[in-house]
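Build me a model from this:
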Amino acid sequence: MKPLVEFCASNVSSYTKHVMEALEHDPELDVDVLEYGCLGYCGECYMQPFALVNGELVQAATAEELLAAIKKKLQEDKEDDGFPF
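Numbering: from 1, shown residues only. Coordinates of the predicted model:
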């Protein structure tokens, strides 16, 4: 099963479009990237960039920091669960 990174459409329009595109086009990653209308994190959605990585909330102050945090989380999950990349 591939790792899953989920984005909120409102957060994408505000903060994370670049992050989503970077993950989709990264040749070193084999992840599913999905965008939903709402992920149920409305307070976080309007405050800062965030995503759900394998169901866990990952947040950062900037989109660039979020991309790094997502990659770090994916690497940790790969080591813990054996997700193939």
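
what helices or strands is whichever helix or strand residue 71 is part of leaning on?
Using DSSP states H and E, residue 71 maps to helix 63-81. Packing contacts for helix 63-81, counted by 3 or more C-beta pairs under 8 Å, 6 or more residues apart in numbering; DSSP states H and E, involve helix 17-24, strand 50-53, strand 56-59. (Glycine included, C-beta is placed from N, CA and C.)

Could you give me the buried positions within the last one?
It refers to strand 56-59. residue 58 (16 or more other C-beta atoms under 10 Å).

what does the helix holding residue 71 contact?
Contact partners of helix 63-81, identified using C-beta atoms under 8 Å, 6 or more residues apart in numbering, comprise 3, 5, 15-16, 18-19, 22-23, 29, 31, 49-51, 53-54, 56, 58-60, 83-85.

Can you pull out the residues in contact with the helix or strand of the chain with the lowest mean pLDDT?
Least confident helix or strand, the chain: helix 42-45 with a mean of 80, by mean pLDDT, DSSP states H and E. By C-beta under 8 Å, 6+ apart, the list of residues contacting helix 42-45 from outside reads 8, 10, 11, 14, 39, 50, 57, 59.

Recalculate using a threshold of 7 Å.
Applying C-beta atoms under 7 Å, 6 or more residues apart in numbering, the contact partners of helix 42-45 are 8, 10, 11, 50, 59.

what's the third one in contact with, if anything?
Residue 11 is in contact with 45, 49, 50, counting by C-beta under 7 Å, 6+ apart.

Please identify, among those residues, the one with the most neighbours.
residue 49 (26 neighbours; other C-beta atoms under 10 Å).
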